[in-house]
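**Student:** Following is a predicted model, sequence given first.
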Amino acid sequence: MKSTDTTVNVADKFLLTFTEASRYFGIGENKLRSMASLEQNPDWLLHNGSRQLIKRVRLEQILMAAETI
């Protein structure tokens, strides 16, 4: 029997939900949502209809360069 497990490791995903990003980066969901709402068209956020997804690699780059959030 062939396994059909399609689970993808969060570190391998291109786009993350706010919940996944919160766990991955160790930043609270509310803080991530606040960061998204404070910026005018953040380039680390993708809108899919009414759903917002986080571009993991781009947010990693921003956080690596940041001293405070």
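**Tutor:** Noted; the coordinates are in hand.

**Student:** Geometrically speaking, which residue is the centre of the chain?
**Tutor:** Compute the mean C-alpha point of the chain, and by Cα atoms, centre = their mean the closest residue is I54, 3.3 Å away.

**Student:** so it, which of the three states?
**Tutor:** Here I54 takes the strand state, with states given by DSSP: H, G, I helix; E, B strand; the rest coil.

**Student:** That one touches W44, doesn't it?
**Tutor:** Yes - judged on Cβ atoms under 8 Å, I54 makes contact with W44 at a distance of 6.2 Å. Any C-beta I mention is one placed from the backbone N, CA and C, and that applies to glycine too.

**Student:** For the protein, which segments count as helices?
**Tutor:** According to DSSP state H, the chain carries its helices in the segments 18-25, 29-38, 56-65.

**Student:** Now do the second one against helix 18-25: the angle between them, please.
**Tutor:** The reference is to helix 29-38. Direction vectors for helix 29-38 and helix 18-25, defined by axes from the mean of the first three to the mean of the last three Cα atoms, to 10 degrees, enclose an angle of 110 degrees.
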